[in-house]
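K.L.:
Compute the structure for the input listed below.
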Amino acid sequence: MAIQSKAKLQQSILFVGPMIPPMTGQAVAFTKAYNGVQTNEKYLVNHNLENCNVVLKLARTVVNVIKGMYILIYKRVDVLYFTCSRSFLGSIKDVILITTARAMDVRVVNHLHGSDFKDFYNATSKWYKKVLRFAYAHVKDSIVLTESMKEQFDMFEEMNVHVVRNFYDRELECESSCGNDDGIIRILFLSNILATKGIFELLDAFEKLQGQYNIELRVAGSFMSDSLMSDTTVRERFNQRIHEIPNAIHVGAVSGEEKKKLLCTSDIFVLPSYFVSEAVPISVLEAMATGNVVVVSDHKYLPQIIPKGNCIVTKKSVESLVRGLTHIIRNKKRLAEVKKENILYSRRNHLEDIYVANIQSILFGSDIR
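P.N.:
Predicted coordinates for the structure are as follows:
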């Protein structure tokens, strides 16, 4: 066994995915995998293209493809581990690298962090579907975040699809009981601020509630563009709205101790998202691990990642958010119980070391935990 483990550690791995910064859930997860997997030789192609314009994205994609091909051909790696794209430009990069790996007899492991690969595949033309099927025929192992997400790859019948749950950072765990003793119930939105994350529905719902209850809303995150609004438009509209609402504040992007303090002093975490590729946001896991009751929308896989006692609301519905938040705020005893239950649930199901160990096991062809 010791000899086998030593042999596995001598494998070389090419990691292709987005490193932080900037901060996104996929970048956090990929960075954790790259830093956590133990092997004697690993190479990196960082394709975090957030906040890049079209020209810069194209230029960096070309550079990344050339770099990846060079490593695959001349460094003779054993495994290619990549996070698959769900856009045409990104998928071209993936196809080229997978095909190069195939020619060099390199094992390929794919990790899907979004919920829209199947939608992307179904929307492509017939000829490009053939290209994708040819390339992904060499992807023997793929990783998804929940059992239901296996459906994202059901068009590739020979592919082994593994479930590895996302994680939270254990450094965020609160040293003492979560919450406050001042009677204020603090609601938290912690995410990149995009229109499709439901931020404006949350602001409208909080405005309706804040005169009735002793509550506070804290919004943390950076502004980003999506299919509905540019980052500039989101920023302008958000700043106008939040200044109109008493007891609602924007604390900006947070990390480290500042993020931990924010999570540990909040009571209710809200993510009423309808973001196109929403899957298993790490922020939801962090909120549960720090003793927050979680409110999410009935969108994609979000309802499947929270245990009973938390709240699922109708996406894009201010009225549903108001009803859900009202129910939680009024039932303070149950609020306290669910906060404790969420901490225990997170420690049983979403530990960081298990996440890294399972990815390493898949990369080395072993059984996962």
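
K.L.:
Trp343 is in contact with Ala289, isn't it?
P.N.:
That one is not Trp; residue 343 is Ile. Yes - contact criterion Cβ atoms under 8 Å: Ile343 and Ala289 qualify, at 6.4 Å. C-beta: built from backbone N, CA, C; applies to glycine.

K.L.:
between those two, which one's more packed in?
P.N.:
Taking neighbours as other Cβ atoms under 10 Å, Ile343 and Ala289 compare with Ala289 leading, 25 against 19.

K.L.:
Might you report the residue contacts of that one?
P.N.:
Residues in contact with Ala289, defined by Cβ atoms under 8 Å, 6 or more residues apart in numbering, are Tyr168, Leu172, Glu173, Asn342, Ile343, Ser346, Arg347, His350.

K.L.:
measure it to Gln240 for me?
P.N.:
In this structure, Ala289 and Gln240 are 34 Å apart, going by Cβ to Cβ, to the nearest Å.

K.L.:
now swap in Ile184 and tell me
P.N.:
Distance from Ile184 to Gln240, by Cβ to Cβ: 25 Å.

K.L.:
Between the two, point out the one with more neighbours.
P.N.:
Applying other Cβ under 10 Å to Ile184 and Gln240 shows that Ile184 carries more neighbours, namely 15 against 9.

K.L.:
ok, that one - contacts?
P.N.:
Shown in contact with Ile184 (Cβ under 8 Å, 6+ apart): Asn214, Ile215, Glu216.

K.L.:
Model confidence for the first one, exactly?
P.N.:
Asn214 carries a pLDDT value of 96.

K.L.:
okay if I get the contacts of Ile184 as JSON lines plus neighbour count and secondary structure?
P.N.:
As requested, the contacts of Ile184 are exported to JSON lines (neighbours: other Cβ atoms under 10 Å; DSSP: H, G, I helix; E, B strand; the rest coil):
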{"residue": "Asn214", "neighbour count": "11", "secondary structure": "coil"}
{"residue": "Ile215", "neighbour count": "19", "secondary structure": "strand"}
{"residue": "Glu216", "neighbour count": "19", "secondary structure": "strand"}
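
K.L.:
So which residues of the stretch 201-350 of the chain form strands?
P.N.:
Per DSSP state E, counting those that start in this stretch, the stretch 201-350 of the chain carries strands over the ranges 215-220, 248-252, 268-271, 293-297, 311-313.

K.L.:
Any chance of TSV for these, columns distance to Ile305?
P.N.:
Shown next, in TSV, are those (distance: least, Cβ to Cβ, whole Å):
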stretch	distance to Ile305
strand 215-220	20
strand 248-252	25
strand 268-271	11
strand 293-297	8
strand 311-313	11
